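In: Quick one, what's the 3D model for this:
(one chain, ligands or ions: 1)
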Amino acid sequence: MEGNNRNNRGYLITIEGPDGSGKSTQIELLKKYFNDRGYEVVTTREPGGTKISEKIRELILDNDNEEMNGICEALLYAASRAQLVEQVLKPAIYEGKIVLCDRFVHSSLVYQGYARELGVNQVLNINEFALNGLKADLTIMIDIPYELGIERKRKQKKLDRLENGGDEFHNKVFNGYQQIVKTMKNVVIIDGTKAVEEIHKDIVKTIAELNI
Ligand code: TYD
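Out: Purely as a prediction, here's the structure:
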């Protein structure tokens, strides 16, 4: 991370992967890694991260809302994101902080664009509006088979509306990540089937190599 010349602008690092890929554990470890090196770190999650975005999150993930239309869902994710971008992400980056965001635009491209079959370009378009010029500096994708992810989730908690999407939906999410995210710029793929500490080492190695 040394030697950058970006006028003290911070960094936005987003962490992606299927449900149960271990993103939150890795975010905690990465936060500690950066804190130990003197960086100020902001961690946040999507959907959520602001009062308004957390309310939108409740609406989206509520199992009672099973009739929610796919376009409505995609727009709600984008609305939640737009609030997070202006209220949290842009100010933190402007202040030179490192922002670690649990999920971001790639989730919408995969879950709504690909798995819900709304069209990746359509979802990209509404998200460009929501992002208002902001782009992630780096996306770390934790790659695991969807069966393993959902199995882990079942053991942790009651599944939400998206997690309850069924095997076919999760299979599509997995394929979406392979096809969409793996072909995009600024994305690093990390093997999420390894032990927690090994995954953390792989992430740190990537960050050190990229010298972002
Ligand atoms: P997440 O917070 O990762 O779930 P958990 O509470 O289990 O950690 O994400 C909530 C769900 O929302 C998850 O199933 C993925 C889905 N999602 C989308 O479908 N589109 C999006 O744009 C985002 C950010 C999440």
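
In: So residue 190 lies in a strand, does it not?
Out: Yes: using DSSP: H, G, I helix; E, B strand; the rest coil, the secondary structure at residue 190 is a strand.

In: Please name the bridge partners of it.
Out: With DSSP bridges as the criterion, residue 190 is bridged to residue 142.

In: Look up how far the ligand lies from it.
Out: Distance, residue 190 to the ligand, by Cβ to the nearest ligand atom, to the nearest Å: 16 Å. Quick note: C-beta positions are derived from backbone N, CA and C, even for glycine.

In: what does residue 49 give?
Out: To the ligand, residue 49 is 10 Å away according to Cβ to the nearest ligand atom.

In: Would you mind measuring from the residue nearest to that residue when sequence neighbours are not counted to the ligand?
Out: Excluding the flanking residues, the one nearest residue 49 by Cβ to Cβ, 6 or more residues apart in numbering is residue 84, at 4.5 Å. Residue 84 sits at a distance of 10 Å from the ligand (criterion: Cβ to the nearest ligand atom).

In: Look up phi and psi at residue 84.
Out: According to degrees, to the nearest 10, the main-chain angles of residue 84 amount to phi -60, psi -40.

In: same question, residue 68
Out: Per-residue torsions, residue 68: phi -60, psi 130 (degrees, to the nearest 10).

In: correct me, but it touches residue 74?
Out: No: applying Cβ atoms under 8 Å as the test, residue 68 and residue 74 come out as separate, 10.3 Å apart.

In: Right, I'll leave it there.
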